[in-house]
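Participant: structure of the sequence below:
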Amino acid sequence: MLEAKFYDTYHFCNVVKNVLYHSENYLGVLNDFHGDGRIYYRLSTFNKYSILHEFIEFIVHDVYYDQSSEAALEKKQKNQEVYQDIPIALNILRPSALPIELALEHHNMPHQSFEDFLDKQNKKFIECDIDDAYEFIHTLRETGVFHELIEHISKEVFHVVFQNRDLMKNFNILMANALEHEARSETPNEIKKIFSRPGILKRVAIPVWVRRAVFFRDRGRCVLCDKDLSGQVNLENKENYDHIVPLAMHGLNDISNIQLLCKECNQHEKRAKEAVTSDNYQSWYTY
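Facilitator: As a prediction, the model looks like this:
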């Protein structure tokens, strides 16, 4: 059971969407996630904390650091000066509270405030600089509360974006391209066993928990032809669990790369070995 707080969850969903649909604008950021061989050390075989979870965590982490940038801090300090004689405005705006603090408060996670942190350094908020903000975040990391927050938000964002198969396709194409690029170099010895050949992962049995999650997300219907695969209408219709980006195209063994197809669509529509899905969904709401 996920206790969703939905603090900035949809903002992060939008950031993830923008990065995946406009990846050419984020090449430097994305390289820090999967470039220079990093993709190899993110590969796993159907881990519950998937590579998509890791990607979301990476994005959320980057956003919180960006929100504590020098420009953002200077803007907050200016607000502190402007409203210093208007206590009610300061109480509403709370310029001395960093975004990461507000998120921790919303999630009821005990933590030291930035003002308390500065007080121990004999500094006032109006005097601090970006190094103080980053040192504060580093302190939160050391206590473990920073990671606890990022992981929880990542699970919430995953809960939302996993519903979007087209987004899943774009994410897995991005990861497949990274894996294809690295296939030109030597595969690290410690992970060679998961490959059938350079850049191509071995086919493995899809775990029950993955099949159940995908079956419920796709509402027991073939995502391409909408055939009912629940067994309640026709026992002849058998579900097939398909890699959106085929393994032969450097696809991953990751829950984000699996969708529900009928036998016929799996045999015919995927024959070209292309990344195929649909944006048709069985509605649970009647208008």
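Participant: okay, now the unreliable bits of the protein?
Facilitator: 233-236, 269-272 (pLDDT under 70).
Participant: in the stretch 51-200 of the chain, which spans are helices?
Facilitator: For the stretch 51-200 of the chain, the helices defined by DSSP state H, counting those that start in this stretch occupy 51-67, 70-82, 87-93, 99-106, 114-120, 130-143, 145-161, 165-182.
Participant: any chance of those helices in JSON lines, plus distance to residue 257?
Facilitator: C-beta coordinates here come from the backbone N, C-alpha and C atoms, glycine included. Below are the helices of the stretch 51-200 of the chain laid out as JSON lines (distance: least, Cβ to Cβ, whole Å):
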{"stretch": "helix 51-67", "distance to residue 257": "9"}
{"stretch": "helix 70-82", "distance to residue 257": "36"}
{"stretch": "helix 87-93", "distance to residue 257": "44"}
{"stretch": "helix 99-106", "distance to residue 257": "30"}
{"stretch": "helix 114-120", "distance to residue 257": "40"}
{"stretch": "helix 130-143", "distance to residue 257": "31"}
{"stretch": "helix 145-161", "distance to residue 257": "14"}
{"stretch": "helix 165-182", "distance to residue 257": "5"}
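Participant: rebuild these as JSON lines, extending it with mean neighbour count and distance to residue 246.
Facilitator: Shown next, in JSON lines, are those (neighbours: other Cβ atoms under 10 Å; distance: least, Cβ to Cβ, whole Å):
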{"stretch": "helix 51-67", "mean neighbour count": "20", "distance to residue 246": "17"}
{"stretch": "helix 70-82", "mean neighbour count": "14", "distance to residue 246": "43"}
{"stretch": "helix 87-93", "mean neighbour count": "11", "distance to residue 246": "52"}
{"stretch": "helix 99-106", "mean neighbour count": "18", "distance to residue 246": "38"}
{"stretch": "helix 114-120", "mean neighbour count": "16", "distance to residue 246": "48"}
{"stretch": "helix 130-143", "mean neighbour count": "16", "distance to residue 246": "39"}
{"stretch": "helix 145-161", "mean neighbour count": "19", "distance to residue 246": "22"}
{"stretch": "helix 165-182", "mean neighbour count": "21", "distance to residue 246": "9"}
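Participant: residue with max distance from the center of this protein?
Facilitator: residue 85 (41.9 Å; Cα atoms, centre = their mean).
Participant: may I have the phi/psi pair for it?
Facilitator: phi -100, psi 10 (degrees, to the nearest 10).
Participant: how close does it get to residue 244?
Facilitator: 58 Å (Cβ to Cβ, to the nearest Å).
Participant: and residue 138, by the same measure?
Facilitator: From residue 138 to residue 244 the distance is 38 Å (Cβ to Cβ).
Participant: just residue 24 next, same as before
Facilitator: 21 Å.
Participant: with residue 38 instead?
Facilitator: When residue 38 is compared with residue 244 (using Cβ to Cβ), they lie 22 Å apart.
Participant: which of these two has more neighbours?
Facilitator: residue 244 (28 against 13; other Cβ atoms under 10 Å).
Participant: any idea how far the residue nearest the centre of the chain lies from residue 195?
Facilitator: The chain has residue 56 as the residue nearest its centroid, 2.0 Å off, counting by Cα atoms, centre = their mean. Between residue 56 and residue 195 the computed distance is 26 Å (Cβ to Cβ).
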